[in-house]
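S.K.: with the input below, show me the fold.
(one chain, ligands or ions: 2)
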Amino acid sequence: MPSLASKNQSAPARPRPRRPAPALIFGDLWEFDPAPETADPKIKSRYDLFINGAFVAPKTGVYFDSINPANEEKIAEIALAGTADVDAAYAAAQRAFATTWGRLPGRDRAKYLYRIARLLQDRAREFAVAETLDGGKPIKESRDFDVPMAAAHFFYHAGWADKLEYVAPGARVAPLGVVGQVIPWNFPLLMLAWKLAPALAMGNTVVLKPAETTSVTCLKFAEILQEAGLPPGVVNFVTGPGAVGAAVLQHPTPAKIAFTGSTAVGKEILRVLAGSTKKMTLELGGKAANIVFADAPLDQAVEGIVNGIFFNQGHVCCAGSRLLVHESVAAAVLAKLKNRLRVLRVGDPMDKNTDVGAINSRAQLQKITALVASGVQAGAELFQAPGQLPTKGFYFRPTIFSGVTMSHRIAREEIFGPVLSILTFRTVDEAIEKANNTAYGLSAGVWTDKGSRILKMSTELKAGVVWANTYNKFDPTSPFGGYKESGFGREGGRQGLLDYAQRL
Ligand code: NAP
Ligand code: MG
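M.R.: Ligands and ions are numbered 1, 2, ... in the order given. Take a look at the predicted model:
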């Protein structure tokens, strides 16, 4: 067999014919047959509050509708909690901490967490369908990402519950007591898992409020807690709008509050709780830069950019909503992005082929529409995915803006929708300066062939997560959280657990 060297030497240096790049034509060629998901989400027509291990009617006597944003149809009625209900939830959590959960050895808490994780896995498809119906995200995401990751968080923290002496080497840790938690609508079940799993593993008890538009999987999760035999009061769910969230966070009982949501609400919480001794974590907004250098593998980078901003309709706090691309490859990257947008499937979230589903609510759709209009008005160049959008429901075309400058609102404000703003840079320092020139600091992406540059960028970028040659990768072992106005505290990993503990 000829050696590689001799093969190389003997190969004549034939000039490769340069063929012009084929003009890409997408359209009917790419139509797929409908592939609707058919599993039964087992959604009840009405959900009560979950307090002290049981579903109880709200003292307000009022219920509000949860709708499917893909077609605006009502899917369930959800209880509206009042302050008396929030009081009852905290009383139950306090009792559970004092009498059961706070006294259980870690190995016993672990058994419950493992049971919860396995029960969620058993009902994974059902939960994925419910998540998609209630929130509008594509079924392939809730099926392949949200639900498995939620289960993974319970498995991971179950593993910690009997090993807490290693969570802070050299120190002894203890639970804080009762914690109050409020979560947003973009990853309803996953944010619930990020909040509950570390709190419970550490031995705390919880009162949690999901977002008004996405309470269904939270209340279905209460069924899992019942099935797992979790002692009553360890976890309590109160549902309703922002005012219920304010009641949860401002209540005198919790030793710690954890909030994930917008920076505006986060600031308000800080104002109201200024001077309080409560421990806090705030996971807030983002305006991440995805930075593409000239030596990056461009096709992979384009996939990463698309995943970074169009994943979950851009309803992602760490979305790569700003693309910083080196001037020399900007035109090539833009052309590739446009081609990719032409074949993204936007529409029915329940179709297994859908890439971009429904916007979560009419209010969010209006916010995205207004910010995109501001980009057009400011003179940025707009490109939108072609094709037909469903006539009912809330949808927005995947959108890219080129020719964006740092002063444009679309470069500074969190849009929280499928909208990418493209800026260019010439030098590494300019890329760092532009990436950090934001009030936020949750995440960033770097695309380059050079390891040394990845290390430099990850040191210089003021962001809680820096992904290199990939984007939107998550793992329960890895702490997640922000710099600056993206908040403080971490979720995930050892650091996330410590945020639910006190050192003795
Ligand atoms: P939001 O309006 O701040 O709402 C978040 C949660 O807080 C919801 O449950 C909301 O209730 C509740 N709430 C509203 N006003 C409140 C108040 N005054 N006091 C206490 N709770 C209140 O945010 P969103 O629009 O739902 O979510 C999107 C935001 O979340 C984005 O900014 C995104 O970046 C951020 N986010 C951050 C992370 C992270 O890890 N850093 C993760 C996901 C999302 P209602 O929904 O019922 O009004
Ligand atoms: Mg809904």
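
S.K.: per-residue confidence at residue 388?
M.R.: With respect to pLDDT, residue 388 has a value of 89.

S.K.: again with residue 27
M.R.: Looking at residue 27, its pLDDT stands at 51.

S.K.: repeat for the one 10 residues further on
M.R.: Residue-level confidence at residue 37 comes out at 94, pLDDT.

S.K.: repeat that for residue 32.
M.R.: Residue 32 carries a pLDDT value of 82.

S.K.: what residues are up against the residue lying closest to it once chain neighbours are set aside?
M.R.: Among residues not flanking residue 32 along the chain, residue 353 sits closest, at 5.0 Å (Cβ to Cβ, 6 or more residues apart in numbering). C-betas here are computed from N, CA, C, even on glycine. Going by Cβ atoms under 8 Å, 6 or more residues apart in numbering, residue 353 touches 32, 35, 140, 345.

S.K.: where does residue 353 land in three-state SS?
M.R.: Per DSSP: H, G, I helix; E, B strand; the rest coil, the local secondary structure of residue 353 is coil.

S.K.: numbering from 14 from now on, please.
M.R.: Shifting the count to begin at 14 puts that one at residue 366.

S.K.: just checking, next helix/strand downstream of the helix or strand hosting residue 414?
M.R.: Using DSSP states H and E, residue 414 sits in strand 412-415. Using DSSP H and E, the helix or strand that directly follows strand 412-415 along the chain is helix 422-425.

S.K.: does ligand 1 sit close to that next one?
M.R.: No. Judged by Cβ under 6 Å from any ligand atom, helix 422-425 and ligand 1 are separated, with a smallest distance of 13.7 Å.

S.K.: export that helix as CSV, just CAs?
M.R.: This file holds the C-alpha atoms of helix 422-425, laid out as CSV (Å, rounded to 0.1, in the frame of the first residue of the first chain):
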residue,chain,number,x,y,z
ARG,A,422,-32.9,50.4,19.2
ILE,A,423,-32.8,46.9,17.6
ALA,A,424,-29.1,46.8,18.6
ARG,A,425,-29.7,47.8,22.2
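
S.K.: for it, list every residue counted as buried.
M.R.: Of the residues in helix 422-425, 422, 423, 424 count as buried by neighbour count, 16 or more other Cβ atoms under 10 Å.

S.K.: skipping adjacent residues, who's closest to the first one in space?
M.R.: I take that to be residue 422. residue 387 (4.7 Å).

S.K.: same check on the second one?
M.R.: With Cβ to Cβ, 6+ apart as the criterion, residue 423 has its nearest non-adjacent residue at 4.0 Å, and that residue is residue 388.

S.K.: how about residues contacting the helix or strand harbouring the one you found?
M.R.: Using DSSP H and E, the element containing residue 388 is helix 375-390. By Cβ under 8 Å, 6+ apart, the residues outside helix 375-390 that reach it are 328, 372, 395, 407-409, 412, 414, 417, 421-423, 426, 428-432, 434.

S.K.: tell me the buried residues in that helix?
M.R.: Within helix 375-390, the residues that count as buried by 16+ other Cβ under 10 Å are 377, 378, 380, 381, 384, 385, 388.

S.K.: residue 238 and ligand 2: what is the separation?
M.R.: Distance, residue 238 to ligand 2, using Cβ to the ion, to the nearest Å: 21 Å.

S.K.: need the phi and psi values for residue 125.
M.R.: Torsion angles at residue 125 (phi, psi; degrees, to the nearest 10) stand at phi -60, psi -40.

S.K.: how about the one 10 residues further on?
M.R.: In terms of degrees, to the nearest 10, the main-chain angles of residue 135 are phi -60, psi -40.

S.K.: could you report the neighbour count for it?
M.R.: Residues near residue 135, counting by other Cβ atoms under 10 Å, number 13.

S.K.: with residue 461 instead?
M.R.: When neighbours are defined as other Cβ under 10 Å, residue 461 has 22 of them.

S.K.: so what's the residue of the stretch 314-463 of the chain found nearest ligand 1 up against?
M.R.: Closest contact between the stretch 314-463 of the chain and ligand 1, by Cβ to the nearest ligand atom, is at residue 330 (3.1 Å). By Cβ under 8 Å, 6+ apart, residue 330 lies in contact with 199, 273, 296, 297, 298, 299, 455, 499.

S.K.: in TSV: these, plus distance to ligand 1 and pLDDT.
M.R.: Below are those laid out as TSV (distance: Cβ to the nearest ligand atom, whole Å; pLDDT from 0 to 100):
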residue	distance to ligand 1	pLDDT
199	5	97
273	5	97
296	3	96
297	5	96
298	3	95
299	5	96
455	6	95
499	6	94
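
S.K.: next, format the residues you listed as CSV and append distance to ligand 2 and neighbour count.
M.R.: Shown next, in CSV, are the contacts of residue 330 (distance: Cβ to the ion, whole Å; neighbours: other Cβ atoms under 10 Å):
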residue, distance to ligand 2, neighbour count
199, 12, 24
273, 18, 23
296, 22, 27
297, 23, 27
298, 21, 22
299, 23, 28
455, 25, 28
499, 26, 28
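
S.K.: could you dump these to JSON lines with secondary structure?
M.R.: Converted to JSON lines, those look like this (three-state DSSP):
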{"residue": "199", "secondary structure": "coil"}
{"residue": "273", "secondary structure": "strand"}
{"residue": "296", "secondary structure": "strand"}
{"residue": "297", "secondary structure": "coil"}
{"residue": "298", "secondary structure": "coil"}
{"residue": "299", "secondary structure": "coil"}
{"residue": "455", "secondary structure": "coil"}
{"residue": "499", "secondary structure": "helix"}
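
S.K.: distance of the closest residue to residue 159 other than its chain neighbours relative to residue 512?
M.R.: Nearest residue to residue 159, sequence neighbours excluded (Cβ to Cβ, 6+ apart): residue 203, at 5.0 Å. The spacing between residue 203 and residue 512, counted by Cβ to Cβ, to the nearest Å, is 17 Å.
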